[in-house]
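> got a predicted structure here, sequence first:
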Number of protein chains: 2
Amino acid sequence: MNDSPLDLEARAHSEHAQELRLWLRLLTCSQLIEKRVRAGLREQFDTTLPRFDLMAQLERHPEGLKMKDLSHRLMVTGGNVTGITDQLVNEGLVERLDVDGDRRAFRVALTDLGRTTFAEMARQHEAWIVDAFEGLSPRDLDSLHKLLGKVKAHQLDINQRIEE
Amino acid sequence: MNDSPLDLEARAHSEHAQELRLWLRLLTCSQLIEKRVRAGLREQFDTTLPRFDLMAQLERHPEGLKMKDLSHRLMVTGGNVTGITDQLVNEGLVERLDVDGDRRAFRVALTDLGRTTFAEMARQHEAWIVDAFEGLSPRDLDSLHKLLGKVKAHQLDINQRIEE
DNA sequence: TATTGTTATACTCTATAACTATA
DNA sequence: TATAGTTATAGAGTATAACAATA
C-alpha cells in the first residue's frame, strides 16, 4: 500500500507560513490516522468509516434518529444517508421505526445485532486510537484537545455566519 | 448544503475517553476546514483538492517529479496519479517531460499556464487557511504545531514498523 | 406550500491487478 | 527479473435535482 512520509507539508512559503504549515500538519495527522482506521474497519469488520459513524450516532440514541438528524450530524446530504442506511438495514444491523405523529419520517435505530456488532467494532476502534496517540502525555492530550477546541469553535462560528 | 455542528464528538465513553475525544475533535476540525477548502476550490477554480495538492508538489519541484515520487508524496497509488495527471495535461496545466537515461519514466512539471494558475489558487488557499485559524494566537499556533508534530512522528514511526 | 425522505444520475477519488515498455 | 507507468475495473462517497408522500 502506501509508503510513509508524504511531503504534503512541503508547500508553505509566505508570510502566513505558520498557518499553512499548521494546516498541512493537521491534515497529515488526521489522514494518517484515518487511513489506519479505514483499513482496520475494512479488514477486520468489512465495513467503512461512514457506516461506523452512522452506527456510532445510533448507539448514543437508542430511541433512534430521524434521517434528517443523521444527515445533519454526519454532515452529508440526505441521499447518502438513505444509501448507507439501506445497506445497514439489509445486513440487519439497523431498522427503520415509525415516528408517532409524522408518517413522513421514521426513526433509524440499532437492532440487537447492530448493538453487539457495534460494541465489538468500538472496542477495536478505541485500541487503534489509543495507539495513535501513544507518544503523548496526558498533559499533551489535554493541551491538544483545548487548542483544537478553539479551532473548532471558530469553524462553527464561521459556518453559522454563512448560514444566515 | 451542510448545516453546522455535527455531533461526531458524541461517541466517547470509556476509560480511554481522552484519546477518543481528542481524535474526534481532530477529525472534526480537519473535516470542517477541508470541506471549506474543497468547496472553495470547486466554486472559484473548478478544481479539486487532489489536483491542487499535485500542483503544489510540482510548484516546489520546478524540474518536475516522476510519477512514482508523486504517488509517494501524495500517498495514493500509481493509477490515481496517472488519472489526475492526465486531466491536468489535458487542461495544459502540466506536462510530461523526458528523463535522461530512463525511457520508462518521465518528469511531470507545471507549464507556464500551470504556474500562473497555481499561484492564483495558492493565494486564495492561503486566505482560507489564515481565516480558519484566525482565533488562535501565534503562541497557540506554535503549540499546536509542536503537539501535532509529536502525533505525526508517532504515526510515521508506526508506518515504518509495518513496512518492515 | 413546506418538509421528509427516496430515487436517479453523475462525478471524483480510491485500490487492485493485469499489462507494456524499458532497465 | 525488477521497475515505471498505464489501463481496466470496481467500489465508496459525494452532491444535485426531480420526485412522492405527508404536514
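Okay, I see it. Numbers count the residues shown, from 1 in each chain, chains lettered A, B, ... in the order given.
> how's chain A carved up into domains?
A:8-132, A:135-164 (automatic domain parsing).
> can I get the ones you listed in a markdown table including distance to chain B and mean pLDDT?
To be clear about C-beta, it is placed using only N, CA and C from the backbone, and glycine gets the same treatment. Shown next, in a markdown table, are those (distance: least, Cβ to the nearest Cβ, whole Å; pLDDT from 0 to 100):
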| stretch | distance to chain B | mean pLDDT |
| --- | --- | --- |
| domain A:8-132 | 4 | 91 |
| domain A:135-164 | 4 | 87 |
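> just name the most buried of these.
Counting by mean count of other Cβ atoms under 10 Å in any protein chain shown, domain A:8-132 has the highest mean neighbour count of the domains of chain A, with a mean of 17.
> what about the helices in chain A?
Secondary structure of chain A (DSSP state H): helices located at A:17-45, A:49-59, A:67-74, A:78-90, A:112-132, A:138-163.
> what angle do the fifth one and helix A:17-45 make?
Note on geometry: by axes from the mean of the first three to the mean of the last three Cα atoms, to 10 degrees, helix A:112-132 and helix A:17-45 are set 130 degrees apart in direction.
> same for helix A:112-132, what does it pack against?
Contact analysis of helix A:112-132 by 3 or more Cβ pairs under 8 Å, 6 or more residues apart in numbering or on different chains; DSSP states H and E lists helix A:17-45, helix A:49-59, helix B:17-45, helix B:138-163 as its packing neighbours.
> CSV please, covering the helices of chain A and showing distance to DNA strand C.
Shown next, in CSV, are the helices of chain A (distance: least, Cβ to the nearest atom of the strand, whole Å):
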stretch, distance to DNA strand C
helix A:17-45, 7
helix A:49-59, 12
helix A:67-74, 3
helix A:78-90, 3
helix A:112-132, 17
helix A:138-163, 14
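> which one of the helices and strands packed on helix A:112-132 lies nearest to DNA strand D?
helix A:49-59 (4.1 Å; Cβ to the nearest atom of the strand).
> how distant is that closest one from the center of its chain?
Computed by Cα atoms, centre = their mean, to the nearest Å, the chain-centroid distance of helix A:49-59 equals 8 Å.
> now the angle from it to helix A:17-45?
Helix A:49-59 runs at 80 degrees relative to helix A:17-45, counting by the same axes, to 10 degrees.
> grab the most central residue of chain A for me.
Computing the C-alpha centroid of chain A and ranking residues by Cα atoms, centre = their mean puts A:D53 first, at 5.1 Å.
> for that one, which non-adjacent residue is closest in space?
Nearest residue to A:D53 in three dimensions, chain neighbours excluded: A:L74, at 5.9 Å (Cβ to Cβ, 6 or more residues apart in numbering or on different chains).
> close to DNA strand D: what parts of chain A are there?
Residues of chain A found near DNA strand D (Cβ under 7 Å from any atom of the strand) are A:48-51, A:76-80, A:83-84, A:101-104.
> wait, isn't A:L70 in contact with A:G83?
No - the criterion here is Cβ atoms under 8 Å, and A:L70 misses it with A:G83 at 11.8 Å.
> do you know which of the helices and strands packed on helix A:112-132 lies nearest B:L110?
Among the helices and strands packed on helix A:112-132, the nearest to B:L110 by Cβ to Cβ is helix B:17-45 (15.0 Å).
> who does the closest one touch, helix- and strand-wise?
Here helix B:17-45 touches helix A:17-45, helix A:112-132, helix A:138-163, helix B:49-60, helix B:112-132, going by 3+ Cβ pairs under 8 Å, 6+ apart.
> now for the shortest one, which elements pack on it?
Going back to what we said before, that points to helix B:49-60. Packed against helix B:49-60 by the contact rule (3+ Cβ pairs under 8 Å, 6+ apart) you find helix B:17-45, helix B:67-74, helix B:78-90, strand B:94-98, strand B:106-110, helix B:112-132.
> ok, 10 Å please
Helix B:49-60 is packed against helix A:17-45, helix B:17-45, strand B:65-66, helix B:67-74, helix B:78-90, strand B:94-98, strand B:106-110, helix B:112-132, with contacts defined by 3 or more Cβ pairs under 10 Å, 6 or more residues apart in numbering or on different chains; DSSP states H and E.
> grab the nearest non-local neighbour of A:L148.
In this structure, A:L148 finds its nearest non-sequential neighbour in B:R25, 4.7 Å apart by Cβ to Cβ, 6+ apart.
> surely A:E59 meets A:R115?
Yes - under the criterion of Cβ atoms under 10 Å, A:E59 makes contact with A:R115 at 7.1 Å.
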